[in-house]
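Participant: give me the fold of what follows.
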Amino acid sequence: LGYHHAMNNRGFMHEKGRGGEVDFPAAIALYEQAIAQDNALAMNNLGNLLVNEPEVDEDLARALDLFRRSALSGNLVGLNNLGAMYENGYGVGQDSLAAMALYNMAATAGDTRAAINLAYELIEGDHMFRDAVEGYAWCLYGLKNAEADKLPGYQDDCAYLRDQIALAEAEAAEVMVADW
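Facilitator: Below you'll find the model as predicted:
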């Protein structure tokens with residue numbers, strides 16, 4: 001299995017229990033091998049395990065490093081994940097502005113999750129940076145780029161955010177996003 005994409009995919013199968021039992025140690029070992037060959041997806045997969053999986057020892061500093069490396073390679077998921085680390089203060093001081101900048105970079109390049117995350121920050125985040133019109137516009141923009149299997153969840157996010165803003169703001173966002 002010297003091919004890093006195959007190692008990442010096999011690691012993902014072990015992580016999710018596809019084709020057998022869930023096996024986190026095997027998944028981690030395969031992700032590490034793929035990371036040694038600079039596989040950005042493996043960096044994100046292992047980073048997510050280190051942040052979110054209760055059965056894996058949490059290591060926020062390592063996850064932060066993996067997301068940074070992935071983002072520096074140009075991976076949009078890595079940019080989004082790095083933004084989430086800054087938004088939540090995981091392994092780094094909480095920094096809404098840095099999170100929004102990272103989400104913006106990924107969203108501008110077409111990452112739907114980043115567009116939705118940016119929308120949440122602009123509508124519900126730090127009062128200093130709130131902009132309901134731009135926030136809802138990012139939500140609508142994200143829906144345009146969403147993968148079909150993830151669209152219902154993103155539609156729910158946008159419906160929730162729509163309920164948080166005034167009708168005039170939603171209408172202005174629709175006009176704004178039409179120009180993007």
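
Participant: quick check, central residue of the chain?
Facilitator: Asn80 (3.8 Å; CA atoms, centre = their mean).

Participant: which residues does it contact?
Facilitator: Contact analysis of Asn80 by CB atoms under 8 Å, 6 or more residues apart in numbering lists Leu102, Tyr103, Ala106, Asp111, Arg113, Ala114, Asn117. No exception for glycine: its C-beta is placed from N, CA and C like everyone else's.

Participant: looking at those residues, state which has the most neighbours.
Facilitator: Counting neighbours by other CB atoms under 10 Å, Tyr103 leads the contacts of Asn80 with 29 neighbours.

Participant: report pLDDT for that one.
Facilitator: Looking at Tyr103, its pLDDT reads 97.

Participant: may I ask which helix or strand encompasses the closest residue to it other than its chain neighbours?
Facilitator: Excluding the flanking residues, the one nearest Tyr103 by CB to CB, 6 or more residues apart in numbering is Leu118, at 3.9 Å. Element membership for Leu118, per DSSP states H and E: helix 112-124.

Participant: C-terminal to that helix, what's the next element?
Facilitator: With elements assigned by DSSP H and E, the helix or strand that comes after helix 112-124 is helix 132-145.

Participant: mean confidence for the next helix-or-strand element following that next one?
Facilitator: Going down the chain from helix 132-145, the next helix or strand is helix 151-163, by DSSP H and E. Averaging pLDDT along helix 151-163 yields 95.

Participant: with stretch 3-14 instead?
Facilitator: Averaged across stretch 3-14, the pLDDT comes to 92.

Participant: that older thread, quick one: contacts for the residue nearest to Tyr103?
Facilitator: With CB under 8 Å, 6+ apart, Leu118 has these contacts: Met100, Tyr103, Asn104, Ala107, Gly135, Trp138.
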